[in-house]
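A.B. asks: build me a model from this:
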Amino acid sequence: MNLVNEFVLNAPRADVWAGLTNPDIAAPCMPGTVLTERIGDTGFKATVSLKVGPVKLQFLGEGELLNLASDQSYGEVLAKGSDSKGRGSFKAEMKFNLSEEDASKTRVKVETELTLTGSVAQYGRGVGIVKEIASQLTSDFTRNLETKVIRLQADSISQTQTPGEIHESSGATGQPQPSRPPESEAQQTSINVVQLVFTGIFRWIRSFFSRTP
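C.D. replies: All right, here's what the predicted structure looks like:
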C-alpha cells in the first residue's frame, strides 16, 4: 500500500537534512525503534517492538539510505525486517523531499510503499486504519526529531561561544543553567498497535461527524 505523509519542522533545511540522514539521530525518533548497528555511512540495523493485543512482536530490521541529493532536497530509505519468531514481516520503500517554508522552517514530504505480513497485517487490513496509524507514528517521529534537531542546534551554538559569552548565558552567578529534559522518544519502548487502531477509528469518526451538516 502507498502512504503519503507531510510535516513541518521548526528548523532550517540543512539541520533537518543532517538529522534525517543520520541513523543515529533519526532511528530512535520512531517509537519502538532501537538502533543496534551502523553499517558504513548509510546502512543500519535496528529492532522495532510492537504490541498487537496480548502479543508482543520484535522485528529485526535493517535499512539503507539511498540516492541522497547533493542539494539536500531528496533521498530514499529502503527498510525491511521480520519478527524474531516468524509471525510477520515488513518492507518499506520511502522517498522523502525537503523544501524550505522559510529560513527557519522545513517541510518534509514522505511517500512510502509499505508491505506487511502476519499479525500486523491482520490488524491493519483496512488501508484507512494503516494510514491513521502511520499518521500517528509520523506525528510522534516529527516531535521527537524536532526536539533532537533543536538540541543539536543549541549544542552547536554553545560550542562556538567564547568564554565570556558562556559566562553571560550562565547568569550572574556563573552557574550553568538547568539542563533540558530528555527526549520523549526514549520513554516508549514499543508500539501498541491496538491502541493506535482505536485512536485511528476515533479520529475517523470525529472527522466524519465534523463534515456532516
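
A.B. asks: in the lengthiest helix in the chain, which residues are buried?
C.D. replies: When the chain is parsed with DSSP state H, its longest helix is helix 127-160. Within helix 127-160, the residues scored as buried using 16 or more other CB atoms under 10 Å are 129-138, 140-142, 144-150, 152. For glycine as for every other residue, the C-beta is placed from the backbone atoms N, C-alpha and C.

A.B. asks: who's residue 43 bridged to?
C.D. replies: residue 39, residue 64 (DSSP bridges).

A.B. asks: ok, it touching residue 63?
C.D. replies: Yes. At 7.2 Å, residue 43 counts as touching residue 63 under the criterion of CB atoms under 8 Å.

A.B. asks: between those two, point out the one with more neighbours.
C.D. replies: With neighbours defined as other CB atoms under 10 Å, residue 43 and residue 63 compare such that residue 63 has more, 22 against 15.

A.B. asks: tell me the contacts of that one?
C.D. replies: 23, 43, 44, 45, 46, 77, 78, 79, 80 (CB atoms under 8 Å, 6 or more residues apart in numbering).

A.B. asks: so which of those are in strands?
C.D. replies: Among these, the members falling in strands (DSSP state E) are 43, 44, 45, 46, 77, 78, 79, 80.

A.B. asks: closest one of the residues you listed to residue 103?
C.D. replies: Closest approach to residue 103 among these (CB to CB): residue 77, at 26.5 Å.

A.B. asks: what residues are bridge-paired with that closest one?
C.D. replies: Beta bridges link residue 77 to residue 65, residue 94, judged by DSSP bridges.

A.B. asks: hmm, back to that, buried subset of the ones in strands among the contacts of residue 63?
C.D. replies: Burial by neighbour count, 16+ other CB under 10 Å: within the ones in strands among the contacts of residue 63 this picks out 44, 45, 46, 77, 79.

A.B. asks: about what we covered before: with pLDDT added, can I get the contacts of residue 63 in a markdown table?
C.D. replies: Shown next, in a markdown table, are the contacts of residue 63 (pLDDT from 0 to 100):
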| residue | pLDDT |
| --- | --- |
| 23 | 94 |
| 43 | 95 |
| 44 | 96 |
| 45 | 96 |
| 46 | 96 |
| 77 | 96 |
| 78 | 96 |
| 79 | 95 |
| 80 | 94 |
